[in-house]
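Chemist: Okay, predicted coordinates and the sequence, questions at the end:
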Amino acid sequence: MTLSICGLGMLDETETGSIPDARPAKIDYETGELQESGERVPAPPSTQATLEDPGDPDGALNEDLERSILLAKVKGAADKLRMKANVRAELWDSLVGGDPRSASIERLNDLLAHLRSLEV
């Protein structure tokens, strides 16, 4: 998880269906050039997470899932801004701090809002 916050994480084929407007790329394998985007392909139902889990009465899984989603959104916003690792670390320390696995949902939302305000 720490590597993904620093911008070193990578998606696998099961995660692309959850990204809005994601499309598979058509590549010319001889030249390596991108030709065009294909049609959007949704993720298989078994890989799509939900926030409702009847087997988790205290909501711990829901909070972990929400935290994971927020961390991915934070990473995406920082990637979009092309933030360097040291700037990401400074923002993380000033707005969230601590281990990403136990970060407050409220503070993650604050960080995401801050990053989105910089996109203007």
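Modeler: Yep, it's here.
Chemist: use CA for all of it now, contacts and neighbours both
Modeler: Noted.
Chemist: Backbone dihedrals for V96, please?
Modeler: Here is the backbone geometry of V96 (degrees, to the nearest 10): phi -120, psi -60.
Chemist: residues touching it, list them.
Modeler: 103-104, 107-108, 111 (C-alpha atoms under 8 Å, 6 or more residues apart in numbering).
Chemist: Next, work out how far apart it and E30 are.
Modeler: Going from V96 to E30 by C-alpha to C-alpha, to the nearest Å gives 46 Å.
Chemist: Please apply the same query to D64.
Modeler: 43 Å.
Chemist: And L70, by the same measure?
Modeler: Distance, L70 to E30, using C-alpha to C-alpha: 39 Å.
Chemist: who has more neighbours, those two?
Modeler: Each of L70 and E30 has its neighbours counted (other C-alpha atoms under 10 Å); L70 has more, 17 against 6.
Chemist: Let's verify the closest residue to the more buried one other than its chain neighbours: helix, strand, or coil?
Modeler: Spatial nearest neighbour of L70, chain neighbours left out: L108 (6.5 Å); criterion: C-alpha to C-alpha, 6 or more residues apart in numbering. For L108, the assignment made with DSSP: H, G, I helix; E, B strand; the rest coil gives helix.
Chemist: and L108, what pLDDT?
Modeler: According to the prediction, L108 has pLDDT 92.
Chemist: got a list of what it touches?
Modeler: Residues near L108 by C-alpha under 8 Å, 6+ apart: 67, 70-71, 74, 96.
Chemist: Is it possible to get a markdown table of those that adds pLDDT, secondary structure and distance to E90?
Modeler: As requested, the contacts of L108 are exported to a markdown table (pLDDT from 0 to 100; DSSP: H, G, I helix; E, B strand; the rest coil; distance: C-alpha to C-alpha, whole Å):
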| residue | pLDDT | secondary structure | distance to E90 |
| --- | --- | --- | --- |
| R67 | 88 | helix | 20 |
| L70 | 90 | helix | 18 |
| L71 | 92 | helix | 16 |
| V74 | 92 | helix | 14 |
| V96 | 92 | coil | 10 |
